[in-house]
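Visitor: Quick one: sequence and predicted model below, then my questions.
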Amino acid sequence: MNPNERTAPDSITSVVLCGGSGTRLWPLSRKALPKQFVPLIQGKSLLQLTLERAARLGQRQLIVAAEDHRFLVQACAAAAGVPSTILLEPVARNTAAAMAAAALNVAPDALLLFQPADHHIPDSVAFVATVLAGVPAARAGSIVTFGVHPTYPSTAYGYIEQGDALTGQGEARSVACFIEKPDAARAQQLLLAGGYFWNAGIFLVQASTLLDALRTYAGDILDACEVAVSSQTTDGDFRRLDAEAFAACRADSIDYAVMEKAANVSVIPFASAWSDVGSWNAVAELTVPDVNGNRIHGQGHTVQATNTFIHAPHRPVVALGTQNLLIIDTVDAVLVADASSAELVKTVVAQLEAKGVPQALHHRHVARPWGTYDSVDSGERFQVKRIVVKPGATLSLQMHHHRAEHWVVVSGTAEVTNGDKVTLLSENQSTYIPLGQIHRLANPGKVPLEIIEVQSGSYLGEDDIVRLEDTYGRVQQ
């Protein structure tokens, strides 16, 4: 147990699992910016909505995330107004290891609500009531899972079969079995039979109960996590698991490692709306259809089209005479797919990545802890970026081996370190950073700083940055 964390016996600590890559929602979601960080619902990300929803159960929040996404997580927590501890995984090891590490970071009697960062549950009141209904069972030593009432015969979700009522455990019933994602015929049978629920992957459990189950059914995973936690370090809001110990941990899901083996697993039904937003079909269903079944997000237009979904936030996109199509438009990539092929997007992304297509992994618009940049244009030996720096933020003190840079201030005030000189630049003023020159950009003002950066040189990759000082701990030792 980490001595830095203690929780009150009767409180619920929300543990948000934030390690997914979200490749099924490409090109909007990519490895560098997975779907949980993308503003999908009324300008908010799924992670922000998850944190806001969990805050109704208490202010204790623990987020388990990848090291590479730490500043994205921090920004979402700030936007949600929820104080959070962020537990960083040096490598991905699936949900069993993530949950083990979280449980080792709290008191043994803490009640932990594990939930994915990328689910959409619009009725927060119903969600909180359902979670609280699971407290008696969790306190009685059960691992409580929440099953969603199926509304159609889905083949995209696993199912839970409920068993008998449990004495002294409130509304919880035993779990008769877990069922893998079924084919269409089997899914139809389960829906008609009743007593089967979609497996939402949300769990309420006492920390000691989960650790006992891991010790029994996945002792090697727990052993590795105990070493990783005992040697973890703390840096502000971040807790970094020991990289070597955690990398040695076996990767497995909590379902395979524990849930399908343990006898003390119970289920409580959740009757309100829920979506794992796991495909573009699921995203489409978040938009109300017109009389022809078309669903439009942004600047989409349909003519003689039926059952067509258009995601077009940046420019007009017209679907003429289409049927059952998904059209996803972003600034640097477009996906056009038959709705029946939505589950194959992940495979397409893997093929693009294998071919070295940069859009498979990265967006043109990139978030940084100090702000954002947008790669506006590029060609042989040049690249143009639009850079926005938050008020009071500072980029690293750095230099480049292969490129020079020109900066033009569009709006705001720039504090520029250029060699041994520090100057202030305002709108329409510019400066030149020679190749090899130590430099830094900062925004000392109260409004965002926007500049246009023109890079020129023999190599323009992001890895040609030598950081000498950095506010955000990115200097390589």
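Guide: Sure, I can see it. Just so we're clear, the structure is a prediction, and the values are computed from it rather than from any experiment.

Visitor: Now do the lowest-mean-pLDDT helix or strand in the chain: distance to the chain's middle.
Guide: In the chain, the helix or strand scored least confidently by mean pLDDT, DSSP states H and E is strand 365-368, which has a mean of 86. Averaging C-alpha positions (Cα atoms, centre = their mean, to the nearest Å) puts strand 365-368 15 Å from its chain's average.

Visitor: One more: stretch 376-383?
Guide: Centre-to-centre, stretch 376-383 and its host chain are 30 Å apart (Cα atoms, centre = their mean).

Visitor: Tell me the confidence at Ala75?
Guide: Ala75 carries a pLDDT score of 89 in this model.

Visitor: Check which helices and strands whatever helix or strand it lives in sits against.
Guide: In this assignment (DSSP states H and E), Ala75 forms part of helix 70-80. Secondary-structure packing of helix 70-80 (3 or more Cβ pairs under 8 Å, 6 or more residues apart in numbering; DSSP states H and E): strand 44-45, helix 46-54, strand 61-66, strand 85-89, strand 365-368. Quick note: C-beta positions are derived from backbone N, CA and C, even for glycine.

Visitor: what's the closest of those to Glu415?
Guide: Shortest separation from Glu415 across the helices and strands packed on helix 70-80 is recorded for strand 365-368, at 17.2 Å, computed as Cβ to Cβ.

Visitor: what does the closest one rub up against?
Guide: By Cβ atoms under 8 Å, 6 or more residues apart in numbering, the list of residues contacting strand 365-368 from outside reads Ala32, Leu33, Phe37, Phe71, Leu72, Ala75, Val331, Thr372, Tyr373, Asp374, Ser375.

Visitor: give me the number of residues near the fifth one?
Guide: Spelled out, that is Leu72. By other Cβ atoms under 10 Å, 22 other residues sit near Leu72.

Visitor: what's the nearest residue to it if we skip its chain neighbours?
Guide: In space, not counting the residues next to it along the chain, Leu72 is nearest to Phe37; the distance is 4.8 Å by Cβ to Cβ, 6 or more residues apart in numbering.

Visitor: Next up, the contacts around the one you found.
Guide: Contacts were defined as Cβ under 8 Å, 6+ apart; by that measure Phe37 touches Ser45, Leu47, His69, Leu72, Val73, Cys76, Ala367.

Visitor: run the last query once more with 7 Å
Guide: Taking Cβ atoms under 7 Å, 6 or more residues apart in numbering as the definition of contact, the neighbours of Phe37 are Ser45, Leu47, Leu72, Cys76.

Visitor: between those residues, which is closest to Val475?
Guide: When the contacts of Phe37 are compared for distance to Val475, the smallest value, 19.8 Å, is given by Leu72; criterion: Cβ to Cβ.

Visitor: Tell me the spacing between that closest one and Ile143.
Guide: 30 Å (Cβ to Cβ, to the nearest Å).

Visitor: got it, and Ala393?
Guide: Between Ala393 and Ile143 the computed distance is 43 Å (Cβ to Cβ).

Visitor: out of the two, which sits in the busier spot?
Guide: Taking Ala393 and Ile143 together and counting by other Cβ under 10 Å, Ile143 has the greater number of neighbours (25 against 19).

Visitor: Can you check the pLDDT for that one?
Guide: Model confidence at Ile143, expressed as pLDDT, equals 97.

Visitor: Same question for Ala251.
Guide: Per-residue confidence for Ala251 comes out at a pLDDT of 96.

Visitor: where does it land in three-state SS?
Guide: coil (DSSP: H, G, I helix; E, B strand; the rest coil).

Visitor: buried sites along the helix holding Ala75?
Guide: Arg70, Phe71, Leu72, Val73, Gln74, Ala75, Cys76, Ala77, Ala80 (16 or more other Cβ atoms under 10 Å).

Visitor: what do you get for stretch 348-360?
Guide: Counting neighbours by 16+ other Cβ under 10 Å, stretch 348-360 gives Val348, Val349, Leu352, Glu353, Gln359, Ala360 as buried.

Visitor: Most widely separated two among those residues?
Guide: With distances taken as Cβ to Cβ, the most widely separated pair in these is Val348 and Gln359, at 11.5 Å.

Visitor: Leu335 belongs to a strand, doesn't it?
Guide: Yes. With three-state DSSP as the criterion, Leu335 is part of a strand.

Visitor: got a list of what it touches?
Guide: For Leu335, the contact set (Cβ under 7 Å, 6+ apart) comprises Trp26, Pro27, Leu326, Ile328, Val345.

Visitor: mind redoing it with 8 Å?
Guide: Counting by Cβ under 8 Å, 6+ apart, Leu335 touches Trp26, Pro27, Trp280, Leu326, Ile327, Ile328, Val345.

Visitor: Now Arg295: closest residue in space, sequence neighbours ignored.
Guide: Of all residues not flanking Arg295 in the chain, Thr287 sits nearest, at 4.1 Å (Cβ to Cβ, 6+ apart).

Visitor: So which residues make contact with the helix or strand that contains Gln455?
Guide: If you go by DSSP H and E, Gln455 is part of strand 449-457. Contacts made with strand 449-457 from outside it, assessed by Cβ under 8 Å, 6+ apart, are listed as 371, 373, 376, 381-389, 391, 400, 402-414, 435, 441, 443.

Visitor: Now find how far off-centre the next helix or strand after it is within its chain.
Guide: On the C-terminal side of strand 449-457, the closest following helix or strand by DSSP H and E is strand 466-469. Averaging C-alpha positions (Cα atoms, centre = their mean) puts strand 466-469 28 Å from its chain's average.

Visitor: same thing with stretch 196-207?
Guide: When C-alpha coordinates are averaged (Cα atoms, centre = their mean), stretch 196-207 and its chain have centres 19 Å apart.

Visitor: what about it, average pLDDT?
Guide: For stretch 196-207, the mean per-residue pLDDT is 96.

Visitor: Export it to CSV, keeping only CA atoms.
Guide: Coordinates of each C-alpha in stretch 196-207 appear next as CSV, following Å, rounded to 0.1, in the frame of the first residue of the first chain:
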residue,chain,number,x,y,z
TYR,A,196,-28.8,-11.4,-19.6
PHE,A,197,-27.1,-8.1,-19.6
TRP,A,198,-24.3,-6.3,-21.5
ASN,A,199,-21.0,-6.4,-19.7
ALA,A,200,-20.2,-2.7,-19.2
GLY,A,201,-16.8,-3.4,-17.6
ILE,A,202,-17.6,-1.3,-14.5
PHE,A,203,-16.9,-2.7,-11.1
LEU,A,204,-17.4,-1.8,-7.4
VAL,A,205,-15.1,-3.7,-5.0
GLN,A,206,-13.3,-3.2,-1.8
ALA,A,207,-9.6,-3.0,-2.4
